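Novice: my questions concern the predicted model and sequence given below.
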Amino acid sequence: AQTVTQSQPEMSVQEAETVTLSCTYDTSENNYYLFWYKQPPSRQMILVIRQEAYKQQNATENRFSVNFQKAAKSFSLKISDSQLGDTAMYFCAFRGSNYKLTFGKGTLLTVNP
Amino acid sequence: NAGVTQTPKFQVLKTGQSMTLQCAQDMNHEYMSWYRQDPGMGLRLIHYSVGAGITDQGEVPNGYNVSRSTTEDFPLRLLSAAPSQTSVYFCASSKTPRAMNTEAFFGQGTRLTVV
């Protein structure tokens, strides 16, 4: 079974600075997808970014980018120019050949003014 | 653009009571699933369905039943509520169960407290 590990339960960053959230996973599969979801205080789950394992180029969505290291099974999320609205719980997730979405335990990010 | 709609948003139950959490989606998605979210545990899969008439167990299915009689609806039933089922429950849907890249769309969650 796949596992997803987020080793940072909480992080904080100053507004306008850059922060990186860590995620590692364990799988024996060669092709899969990785996702980062954001859960603000409203509780709504929002897809931030996704990465296909076969693609070497790191995905980018505006201020959000990933550092995908397939050999190391690492999938970190970098948030640039942090904004107060980025305050949220962030979940890393894995989907492989069984098509189920497996989540990590989450990292609570606080952006301070 | 309703997306995934969950009802109710909040619920308090007494131990031993039963109830159904409702989930409906209007995107004609094949795949639907239920998760529970507990502090420090992330989201854990309870049950899922790859299409009408087909359901299967996830990681933590005990104490819960599901059915999928239509594409749109995927209710979650608690047969005899226990305090350990106090949690936030999320319903999610995806267009197809056969594409790894498909985005999961989530409802707004139901906060359930069992006393």
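Specialist: It's in.
Novice: confirm that residue A:85 sits in a helix.
Specialist: Yes: the assignment for residue A:85 is a helix, going by DSSP: H, G, I helix; E, B strand; the rest coil.
Novice: hmm, who's touching stretch B:17-24?
Specialist: Stretch B:17-24 is contacted from outside by B:2, B:4-8, B:11, B:13, B:32, B:34, B:72-81, B:89, B:91, B:107, B:110, B:112, using Cβ atoms under 8 Å, 6 or more residues apart in numbering or on different chains. In short, each C-beta sits where N, CA and C put it, glycine included.
Novice: using the three-state scheme, assign residue A:51.
Specialist: strand.
Novice: just the ones of the contacts of stretch B:17-24 in strands?
Specialist: B:4-7, B:11, B:13, B:32, B:34, B:76-78, B:89, B:91, B:110, B:112 (DSSP state E).
Novice: can you say which of those residues are buried?
Specialist: B:4, B:6, B:11, B:13, B:32, B:34, B:76, B:78, B:89, B:91, B:110, B:112 (16 or more other Cβ atoms under 10 Å in any protein chain shown).
Novice: isn't the fifth one right up against residue B:91?
Specialist: Think residue B:32. Yes: here residue B:32 reaches residue B:91: they are 6.8 Å apart, a contact under Cβ atoms under 8 Å.
Novice: residues contacting the nearest residue to residue A:6 once chain neighbours are set aside?
Specialist: Spatial nearest neighbour of residue A:6, excluding adjacent residues (Cβ to Cβ, 6 or more residues apart in numbering or on different chains): residue A:104 at 3.8 Å. Counting by Cβ under 8 Å, 6+ apart, residue A:104 makes contact with A:4-6, A:23, A:91-93, B:42.
Novice: just the buried ones from the residues you listed?
Specialist: Applying 16+ other Cβ under 10 Å to the contacts of residue A:104 flags A:4, A:6, A:23, A:91-93, B:42 as buried.
Novice: in strands, which of those residues appear?
Specialist: Reading strands off the buried ones among the contacts of residue A:104 with DSSP E, I get A:4, A:91-93, B:42.
Novice: least confident pick among these?
Specialist: On pLDDT alone, residue B:42 ranks lowest of those, at 92.
Novice: need phi/psi at residue A:30.
Specialist: phi -100, psi -30 (degrees, to the nearest 10).
Novice: residue contacts, it?
Specialist: Here residue A:30 is in contact with residue A:53 (Cβ under 8 Å, 6+ apart).
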